[in-house]
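>>> Sharing a model prediction with you, sequence too.
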Amino acid sequence: MATIRDVAKHARVSVATVSRVLNGSPKVSAQARAAVLAAQKELDFHLNANARTLARRDSEIIGVTVSDLSDPYFGSLVRACESEARRLGCTLLVCQGLHETERERLAIENLLSHHCRCLIVHALTLSDAELSDYLKRVPSMVLINRIIKGYEKRCVNVDNKKGEYLAVCRLLEQGHKRIAYVGSAHNILDAKQRLSGYKKALKAHGISFDKKLVTADEPLLEGGIRAARDLLSRQIEFTAAAIYNDTMAAGFMSVLHQHGIEVPQDVSVVGFDDLLLARCLYPPLSTISNPVEQMGAAAVRLSNALYHHEDTTALLPDLEVGFVERETIARPNSEPWHQRIVLPGPE
């Protein structure tokens with residue numbers, strides 16, 4: 001088994017430099033970092049952060065990586081994973097990648113250093129090739145919201161494109177033609193799939209795509225606020241908006257309200273995820289159900305079965321998205337809001 005000294009020798013750096021790289025310290029040159037990571041990969045070395053695990057030879061830790069723990073979506077995901085892990089007599093260890101390639105990589109390596117028996121990974125910026133490499137190295141690793149060719153039976157995901165398609169079709173069926181889309185500013189698969197679903201729905205109803213109706217920001221409350229201000233500053237007409245997630249929708253609706261634009265009388269709004277937040281907003285938010293808790297529990301069960309070399313055929317979940325009707329969708333107002341409300345121009 002390789003040691004940290006072996007990695008240092010192989011990379012031609014000091015042991016201290018190896019330690020800094022593996023612990024995510026920024027005080028390392030890009031050249032040294034690349035050399036250490038290459039040596040670590042070649043030697044298949046993981047920093048031993050839990051010697052007791054090795055002594056037991058059988059870890060009871062299940063590792064989970066998510067994008068952002070401040071996002072309620074990932075809070076629900078982690079809660080479901082923890083509940084299932086507890087049922088299995090295991091402890092959950094969580095790291096976040098914050099939509100950054102290097103941080104996602106370090107999150108996975110950190111969990112591997114703790115010798116987790118199972119690994120549940122939500123990583124949207126790492127390449128397919130790098131994730132394939134991890135899947136080869138870690139037989140019990142399961143991916144969430146990502147499909148890697150050749151490992152489809154170890155991937156748990158929902159159809160984001162279908163979900164956004166359903167949301168926009170519902171707005172179109174109500175007679176809306178000028179539908180804004182608020183997406184995520186992150187260059188990730190979810191964002192691309194949901195935008196694709198929006199475009200598909202428009203095309204299916206014979207409506208041309210208008211990029212002026214599309215904006216994007218951080219998939220958080222503040223991002224929804226900024227996105228609403230951006231759209232309103234463009235001085236363009238829209239009677240409905242499809243929002244990347246429920247959290248952004250909450251921020252978006254608050255800005256409309258501040259300007260005297262009522263939901264749904266003036267602008268219909270639909271979110272995505274069906275978080276608890278959606279039911280607590282006023283008016284309650286129409287949205288797309290995203291079975292995140294089922295996804296988390298299923299991923300833990302699947303990973304645990306892989307760890308024990310059990311048959312996983314019956315464990316692959318059939319996760320469906322669906323439209324949840326509440327109170328934020330109505331037919332277009334006969335007196336459009338932009339004809340009676342004067343908005344401030346761009347700053």
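Done, it's in. Numbers count the residues shown, from 1 in each chain.

>>> can you give me the strands for the stretch 51-200 of the chain?
Secondary structure of the stretch 51-200 of the chain (DSSP state E, counting those that start in this stretch): strands at 61-66, 91-96, 118-121, 141-144, 155-156, 179-184.

>>> Redo those as CSV? Include mean neighbour count, distance to residue 2 and mean pLDDT.
The C-beta positions use only the backbone N, C-alpha and C, and glycine is treated the same way. Below are the strands of the stretch 51-200 of the chain laid out as CSV (neighbours: other C-beta atoms under 10 Å; distance: least, C-beta to C-beta, whole Å; pLDDT from 0 to 100):
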stretch, mean neighbour count, distance to residue 2, mean pLDDT
strand 61-66, 26, 21, 96
strand 91-96, 18, 23, 96
strand 118-121, 29, 20, 98
strand 141-144, 24, 20, 97
strand 155-156, 23, 30, 95
strand 179-184, 26, 39, 98
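
>>> What is the burial count for residue 266?
Applying other C-beta atoms under 10 Å, we find 21 residues neighbouring residue 266.

>>> Nearest to residue 285, out of the strands of the stretch 51-200 of the chain?
Distance to residue 285, taken as C-beta to C-beta, is lowest for strand 179-184 among those, at 13.3 Å.

>>> ok so, going back, closest one to residue 256 among the strands of the stretch 51-200 of the chain?
Of the strands of the stretch 51-200 of the chain, nearest to residue 256 by C-beta to C-beta is strand 179-184, at 11.0 Å.

>>> How far off centre is the closest one?
Here strand 179-184 is found 17 Å from its chain centre; the criterion is C-alpha atoms, centre = their mean, to the nearest Å.

>>> just stretch 204-222 next, same as before
The answer for stretch 204-222 is 18 Å, by C-alpha atoms, centre = their mean.

>>> residues in contact with that stretch?
68, 70-71, 165, 169, 172, 177-186, 191, 195, 199, 202-203, 223-224, 226-227, 230-231, 234, 236, 238, 244-245, 247-248, 250-251 (C-beta atoms under 8 Å, 6 or more residues apart in numbering).

>>> go with 7 Å
71, 172, 177-186, 199, 202, 223, 226-227, 230-231, 234, 236, 238, 244-245, 247-248, 250-251 (C-beta atoms under 7 Å, 6 or more residues apart in numbering).

>>> send the alpha carbons of it over as CSV?
Taking C-alpha atoms only, stretch 204-222 is exported to CSV below (Å, rounded to 0.1, in the frame of the first residue of the first chain):
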residue,chain,number,x,y,z
ALA,A,204,-44.3,21.7,-29.9
HIS,A,205,-46.8,24.5,-29.7
GLY,A,206,-45.5,26.4,-32.7
ILE,A,207,-43.9,29.3,-30.7
SER,A,208,-40.5,30.6,-31.7
PHE,A,209,-37.7,30.7,-29.1
ASP,A,210,-36.9,34.3,-28.1
LYS,A,211,-33.6,34.6,-26.2
LYS,A,212,-34.6,38.0,-24.8
LEU,A,213,-37.1,36.1,-22.6
VAL,A,214,-34.3,34.0,-21.1
THR,A,215,-32.1,34.9,-18.2
ALA,A,216,-30.0,32.9,-15.7
ASP,A,217,-28.4,33.4,-12.2
GLU,A,218,-27.3,31.5,-9.2
PRO,A,219,-29.9,28.8,-8.3
LEU,A,220,-30.7,30.4,-4.9
LEU,A,221,-33.2,32.9,-3.5
GLU,A,222,-30.9,35.9,-4.4
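
>>> And it, what's buried?
Residues of stretch 204-222 classed as buried: 207, 213, 214, 215, 216, 217, 218, 219, 220, 221 (neighbour count, 16 or more other C-beta atoms under 10 Å).

>>> and which of those residues is nearest residue 64?
Among those, and counting by C-beta to C-beta, the member closest to residue 64 is residue 219, at 19.0 Å.

>>> all helices for the stretch 1-150 of the chain, in order.
4-11, 15-22, 30-43, 51-56, 72-87, 101-113, 128-137 (DSSP state H, counting those that start in this stretch).

>>> export those to TSV and tack on mean neighbour count?
Formatted as TSV, these follow (neighbours: other C-beta atoms under 10 Å):
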stretch	mean neighbour count
helix 4-11	18
helix 15-22	19
helix 30-43	16
helix 51-56	11
helix 72-87	19
helix 101-113	20
helix 128-137	15
